[in-house]
Structures are given as structure tokens and as C-alpha cells.
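[1] after the sequence you'll find the predicted model.
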Amino acid sequence: MRFIEYGNNKNKLLIFINGTLMPWQMWTPQIQYFSKDYFVIIPVLDGHDTETKSIFTTVEKSAADIEEYCIVNYGANIYAVCGSSMGGVIASILVSNNVLQFQKVILESAPLVPMNKLAICFWKISQVNQVRNIKKRNPKTLKQYKNMYPDNLFDDVLNTIDVIDEKTVSNFCNSTFKYQMPNNINTDNVKIAYWHGTTSMEMLSKNSAKFLKKNYPQIEIKAFENYNHCELSVNHPEQYIEEVEKIL
């Protein structure tokens with residue numbers, strides 16, 4: 001896994017982890033804003049790196065890579081981590097592993113409860129077909145994606161999907177959608193926020209929020225009306241930044 005860094009490394013450390021099929025450049029507005037006062041670290045997830053060929057294996061492996069990088073270079077004390085979708089799963093694993101010590105954790109649309117096997121199989125087929133169609137520049141799929149992302153991010157989305165192997169797609173579906181967040185994480189010294197949208201695309205996120213309400217009532221949960229999956233961070237970065245500032 002490759003890592004990109006911004007800002008002064010003497011400042012508090014802030015990690016942003018993107019979701020699957022997304023470029024790390026989705027964090028560009030957040031990088032520009034937060035790198036003024038924080039040292040920002042962006043993991044370039046395996047299987048999503050346009051500069052180095054790799055295959056994504058598991059969310060647990062991704063968390064272990066981030067832990068090793070931070071421990072070797074900066075120690076265990078990390079001020080905050082923000083994870084979007086699968087990146088939120090990775091962030092929750094970082095918290096549960098307790099190798100790194102966080103003060104703030106922000107999870108957006110993270111699937112923290114498992115899908116059933118049939119749904120995983122259906123989702124895997126759907127995602128593989130989307131990747132194939134994007135690589136072929138299928139007009140219908142391109143139009144669909146064009147409506148999902150801001151114009152200044154669209155080329156980075158296409159470039160990232162171009163390098164994604166079908167094995168990566170299969171692995172992230174199996175790994176992410178079988179994940180179950182533990183119900184016994186020690187959250188005494190960390191503030192955790194969970195954000196999700198309210199559309200039909202956010203059903204798994206809504207179920208994750210219910211799990212958190214039951215098992216971690218101290219976690220701040222916020223629903224953004226009529227927002228799709230990860231729409232806050234991707235399509236409304238200024239609002240996302242405002243919400244993050246409230247937590248930090």
C-alpha cells in the first residue's frame with residue numbers, strides 16, 4: 001500500500017480512507033482544507049493505485065498495512081481517522097485492533113453488519129459488470145457515473161476503475177460485506193461519529209446505524225436526508241468539512 005502525505009508532520013495526524021472503486025483524489029477538498037492545521041495521511045488502497053499494480057485482498061490486511069506504516073513512521077497516537085464506505089470498515093477495524101490510539105473517528109456509510117450470502121453474490125456480479133462497462137466506456141454506464149460524481153472527480157474515477165482487477169472486486173465484496181463490527185470495542189477514550197444517507201442505497205448503512213445504537217449508544221449517529229451512499233464526502237465536501245470540524 002502506498003501513502004500520500006500533506007502538511008506539517010509536527011501537527012496532529014489525520015487519516016482519510018476512501019471506499020472501493022473510488023480514487024484517493026475524492027479527498028482533494030478535504031486535503032486542501034485540513035492540511036493547513038493537520039498532517040494529513042491518505043492511504044492509496046491496494047487494487048486502486050494507478051501508479052503501482054496491486055490486488056486488494058481484505059479490509060483486515062488494509063488495516064494492518066496502515067497500522068504498520070503509522071507505527072514505523074509516526075508512532076501509535078493518531079488524532080483522527082475518517083473512513084468512507086469500505087474505508088469506514090477499515091477505520092472501525094483500526095479502532096477495534098487497538099494498535100493505534102485515536103481520539104476521533106468518523107465513519108460515513110460504513111457497512112458494519114454483514115449482508116446475506118445471496119445479496120453478496122448479487123452485489124459482486126453487479127460490481128464486476130460495472131467495472132467491465134466502465135473499462136469499455138459503455139455510454140449508458142458512463143452517463144450513470146457522470147450523474148453520481150462531480151465533474152472535477154470524474155476522470156480520476158475512470159482512471160482508478162481502469163486499473164481495478166476483477167479479483168479486487170471479488171475480494172472487496174467478500175471481505176467488506178461479510179464484516180461484522182465487534183460489540184465489545186472499548187470506546188471510553190475515543191469520540192466516534194457515524195453518518196449515513198436516507199435513500200434506498202443506504203439500507204446497509206441504516207442497519208449499521210441500528211447496530212451502533214444498540215451496542216454503542218454513546219456514538220453520535222447522524223442521518224442526512226435524501227443523501228445517497230457517501231454523497232456527503234464526495235458531492236458535498238464543504239458540508240462534510242463543516243461536519244468534521246464539529247467533531248474535531
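    Happy to help now that I have it.
[2] alpha carbons of the top helix by length along the chain, in PDB - could you do that?
    Across the chain, the helix with the greatest residue count (assigned by DSSP state H) is helix 117-135. C-alpha atoms of helix 117-135 as PDB (Å, rounded to 0.1, in the frame of the first residue of the first chain):
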ATOM      1  CA  LYS A 117     -24.800 -14.600   1.000                       C
ATOM      2  CA  LEU A 118     -27.300 -14.100  -1.800                       C
ATOM      3  CA  ALA A 119     -27.000 -10.300  -1.600                       C
ATOM      4  CA  ILE A 120     -23.200 -10.500  -1.600                       C
ATOM      5  CA  CYS A 121     -23.300 -12.700  -4.700                       C
ATOM      6  CA  PHE A 122     -25.700 -10.300  -6.500                       C
ATOM      7  CA  TRP A 123     -23.600  -7.300  -5.500                       C
ATOM      8  CA  LYS A 124     -20.400  -9.000  -6.700                       C
ATOM      9  CA  ILE A 125     -21.900  -9.700 -10.100                       C
ATOM     10  CA  SER A 126     -23.200  -6.100 -10.300                       C
ATOM     11  CA  GLN A 127     -19.900  -4.600  -9.400                       C
ATOM     12  CA  VAL A 128     -17.900  -6.700 -11.800                       C
ATOM     13  CA  ASN A 129     -20.300  -5.700 -14.600                       C
ATOM     14  CA  GLN A 130     -19.900  -2.100 -13.700                       C
ATOM     15  CA  VAL A 131     -16.100  -2.300 -13.800                       C
ATOM     16  CA  ARG A 132     -16.200  -4.100 -17.200                       C
ATOM     17  CA  ASN A 133     -18.600  -1.500 -18.700                       C
ATOM     18  CA  ILE A 134     -16.600   1.400 -17.400                       C
ATOM     19  CA  LYS A 135     -13.400   0.000 -19.000                       C
END
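[3] now the helices: where do they sit in this structure?
    Assigned by DSSP H, the helices in the chain fall at 28-34, 59-73, 86-97, 117-135, 139-148, 151-163, 166-176, 203-215, 231-235, 237-247.
[4] ok, and for the third one, which residues are buried?
    What that stands for is helix 86-97. 86-95 (16 or more other Cβ atoms under 10 Å). Where you see a C-beta, it was placed from the backbone N, CA and C, and this is true even at glycine.
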